[in-house]
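This is a predicted model, with the sequence first.
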Amino acid sequence: LPPSVVPGTLAAITVNVSPLVEVELGKPLEIPCTYKPSIGNAVNVQWFIVSTPHFISKLTRLRIIYKDMNEFLIDDGTDYSDRINKGTDFTLMLNTTMAMDERDFICQVSAGPAGVGEATASVKVFCNSPPAAPKVDITASTLPVLVNKQLYKIGECLVQNAYPEPNITWYKGSVPLLPSAAPHFDVKVTPTVTKETDGTFTVTSVLNYKPQKSDVRAKYHCEVNYKMPGSSKAIDSEKINVTMH
């Protein structure tokens, strides 16, 4: 049975988990797992993560904790060995959420002759509060620019401590400045994305623009769009203008 099926059934056991779990970076993570029919304590439970090792191209499973009759045992040597809390039921509990936890988790229940069942929870991780909220900084060109002559660096937009990876859009007034194709090349936007050691993203976007006469009073800013649990949000930078000749 494909691991994406929720609930999952192999033989007579039906396993249920929440198909989507949204959690804040750094907060505890809990994924309850239930099954039917009830068979008492004569069941074995295993939790797996789904990952893509760097040396192979296909998805693979890695067990991180299992319950053999009445005892929970944590698998050694995984990225979860030090973060799993043993529970009293089949709930998977992590004491802190990291960016790497944005993946699928599989709960598998086996009950001997009664059969085996499994279900998959997809975890989405978000930055939701300071200091993890995105920060916007913008720097303007300090040199006067010539009208309609060449591309000039108008500004640089910086976003730090963001997860998932945010998008940056530049605006002149209320009009988005999208990269232009030949033969005009009036707008050039250069993004740089860095994944930090904690899994968060630092994103820089540089705007190069060929100003027109009508832009003498124009103000420029960048907008950062990022996802939150159940919604999308945006942050606007300060507005800047440039000296033109």
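Arrived safely.

care to break this protein down by domain?
For the chain, the TED database gives the domain ranges 14-126, 135-241.

For this structure, just list every one of the helices.
With DSSP state H as the criterion, the chain has no helices.

Poorly predicted segments of it, please.
1-11, 40-41, 52-58, 69, 128-148, 181-184 (pLDDT under 70).

follow-up on the earlier one: just put the domains of the chain in TSV and tack on mean neighbour count.
From N, CA and C alone the C-beta is placed, and that goes for glycine too. Converted to TSV, the domains of the chain look like this (neighbours: other C-beta atoms under 10 Å):
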stretch	mean neighbour count
domain 14-126	16
domain 135-241	15
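
Not counting sequence-adjacent ones, nearest residue to the most centrally placed residue in the chain?
Compute the mean C-alpha point of the chain, and by C-alpha atoms, centre = their mean the closest residue is Pro164, 3.1 Å away. Nearest non-adjacent residue to Pro164, counting by C-beta to C-beta, 6 or more residues apart in numbering: Lys227, 5.7 Å away.

Repeat that for Ser205.
Per C-beta to C-beta, 6+ apart, closest to Ser205 is Ile168, 4.0 Å.

Tell me if I'm right that Lys67 and Asn44 touch.
Yes - between Lys67 and Asn44 there is a contact under C-beta atoms under 8 Å: 6.4 Å.

does Ala12 really touch Gly115, like I thought?
Yes - using C-beta under 8 Å, Ala12 makes contact with Gly115 at a distance of 4.1 Å.

Any chance you could list residues touching both of the two?
Counting by C-beta atoms under 8 Å, 6 or more residues apart in numbering, no residue touches both Ala12 and Gly115.

Might you report the residue contacts of Val224?
134, 136, 157, 159, 162, 166-168, 234-237.
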